[in-house]
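Participant: Fold the following and give me the result.
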Amino acid sequence: MRALEQEYTHVRVLEQGYSGVAAILTVCGIMTVLILGNLVLVWYTRSLQFKVMELKDQRIRLMSEVLAGIKVRDGARKEDLELFVERTSFSLKVLKLYGWEKSFEQKILEARKKEMKVVRQIAVLNSLFVFNMNFLPFLMTLAAFAMHILSDQNNQLDASKAFVCVSLFDIIRIPLTSLPSLIFNLIQVQVSLQRIDAFMNQTEVNADNVLQGSSGDPPILVQNASFTWEPQQRITHLYNLNFMVPHGALVGVVGPVGAGKSSLLSALVGDVDKISGSVRVTGVISYLPQIPWMQNASIRDNILFGKPFDAGFYRQVIEACALSLDFH
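Facilitator: Numbers count the residues shown, from 1 in each chain. Reported below is the predicted structural model:
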């Protein structure tokens, strides 16, 4: 307690009179300016974090195209790992045979270049923020001593006063030094949480978009149905559709690019929001989109798709998809 009282007494010496008030106001002004400047840096860094995550998503999407969606789950069997290597080599062979190496390389490098440009900007802002936080205590000490001496010619700064003030400002320096990393970690956490929140709060698929028909109904029956990809804006993309697909029929949908052929198929499986009308489907639909994809599972699980294993059906699929050579 005596040591604290002695330090408090020495500090009060600097704070007496006009010189003490001037020193305090100067220190407060410097802190305000630097803190406001750091708030601007934090706000700009936050916007750059969102941007770098978007650029990273674009780069990962390009890499996924190169690897053709090849995935192996954790704890996979030895055969699955060997198949992963074989399919990776096959995917890269396709790029080589079609001469797409330079094209994909240029796209990936360009995406990486854009990402690294933003990463460097974030690193520069982080360095400025760390510099400001570390420089602030020294600047406060210098300003306090300068105002104490210059405001009154009778003021003297001896060693006892100086060392006490330096020790107090050094106490402030320790938390300020760790503050930059804490703030930047909080920014990254906030960006990640907002991305997770946006994903988790996406609109759920309405189960009433496609209704299950009865045994006497045709396989597909669409009556006065209108669909939209943007339910919030209520923009109609497919308007007043009426058609029926009878049993055993082979139906082809023909139209120019952008006419809505893929949207129609997506509407039949319930991926497009229905505005009006009705869609009834009897039985089970198997949908093959334009862009191929795989589950994060083994090849066998992708073929079975959650159904019980049937050796005969499994062999038929292997032969139909010409996968025998890939397996061997």
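
Participant: What segments of this structure are helices?
Facilitator: For the chain, the helices defined by DSSP state H occupy 2-15, 17-67, 78-98, 101-150, 159-200, 261-268, 299-304, 311-320, 324-327.

Participant: Show me where the stretch 151-300 of the chain dips below the pLDDT cut-off.
Facilitator: Applying pLDDT under 70 to the stretch 151-300 of the chain flags the ranges 151-155, 157-158, 160-161, 173, 176-177.

Participant: Okay, domains of the chain per the record?
Facilitator: According to automatic domain parsing, the chain comprises the domains 2-200, 207-281, 294-328.

Participant: returning to what we had before: could you identify which of the helices of the chain is most buried?
Facilitator: Comparing the helices of the chain by mean neighbour count (mean count of other C-beta atoms under 10 Å), helix 261-268 ranks first with a mean of 18. The C-beta positions use only the backbone N, C-alpha and C, and glycine is treated the same way.

Participant: Could you check how far that helix is from the centre of its chain?
Facilitator: Between the centre of helix 261-268 and the centre of its chain there are 29 Å (C-alpha atoms, centre = their mean, to the nearest Å).

Participant: Packing partners of it?
Facilitator: Counting contacts by 3 or more C-beta pairs under 8 Å, 6 or more residues apart in numbering; DSSP states H and E, helix 261-268 packs against strand 220-228, strand 238-245, strand 273-281.

Participant: could I get that helix in CSV with only the CA atoms?
Facilitator: The C-alpha trace of helix 261-268 is given here as CSV (Å, rounded to 0.1, in the frame of the first residue of the first chain):
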residue,chain,number,x,y,z
LYS,A,261,-35.5,-26.6,-69.4
SER,A,262,-33.3,-27.2,-66.4
SER,A,263,-35.6,-25.1,-64.2
LEU,A,264,-38.5,-27.4,-65.3
LEU,A,265,-36.7,-30.5,-64.2
SER,A,266,-35.7,-28.8,-60.9
ALA,A,267,-39.4,-27.9,-60.4
LEU,A,268,-40.4,-31.6,-60.8
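
Participant: got the contact list for that helix?
Facilitator: Here helix 261-268 makes contact (C-beta atoms under 8 Å, 6 or more residues apart in numbering) with 209-210, 220, 222, 225, 227, 229, 237-238, 241, 253-255, 272, 274, 279, 281, 285, 287, 289-290.

Participant: Could you tell me the angle between that helix and strand 273-281?
Facilitator: 70 degrees (axes from the mean of the first three to the mean of the last three C-alpha atoms, to 10 degrees).

Participant: Val119 and Val52 touch, don't they?
Facilitator: Yes - contact criterion C-beta atoms under 8 Å: Val119 and Val52 qualify, at 6.0 Å.

Participant: ok so, going back, just put the helices and strands packed on helix 261-268 in CSV and tack on mean neighbour count.
Facilitator: Converted to CSV, the helices and strands packed on helix 261-268 look like this (neighbours: other C-beta atoms under 10 Å):
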stretch, mean neighbour count
strand 220-228, 19
strand 238-245, 14
strand 273-281, 18
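
Participant: now those strands as TSV including distance to Ser298?
Facilitator: Formatted as TSV, the helices and strands packed on helix 261-268 follow (distance: least, C-beta to C-beta, whole Å):
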stretch	distance to Ser298
strand 220-228	33
strand 238-245	34
strand 273-281	30
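
Participant: looking at those, which is closest to Gly99?
Facilitator: Of all the helices and strands packed on helix 261-268, it is strand 238-245 that lies closest to Gly99, at 38.8 Å by C-beta to C-beta.

Participant: Could I get the CA-only coordinates of stretch 37-46 as CSV?
Facilitator: Extracted C-alpha coordinates of stretch 37-46, given in CSV (Å, rounded to 0.1, in the frame of the first residue of the first chain):
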residue,chain,number,x,y,z
GLY,A,37,-7.8,5.6,-36.6
ASN,A,38,-7.6,2.0,-35.4
LEU,A,39,-11.4,1.7,-35.6
VAL,A,40,-11.2,2.8,-39.2
LEU,A,41,-8.6,0.1,-39.8
VAL,A,42,-10.7,-2.5,-38.0
TRP,A,43,-13.8,-1.6,-40.1
TYR,A,44,-11.8,-1.8,-43.4
THR,A,45,-10.2,-5.0,-42.3
ARG,A,46,-13.6,-6.6,-41.6
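
Participant: beta partners of Phe243?
Facilitator: Under the criterion DSSP bridges, Phe243 forms beta bridges with Val222.

Participant: can you pull the contacts of the residue most central in space within the chain?
Facilitator: Centrality entry for the chain: nearest residue to the mean C-alpha point is Met53, 4.8 Å, by C-alpha atoms, centre = their mean. Going by C-beta under 8 Å, 6+ apart, Met53 touches 191, 195.
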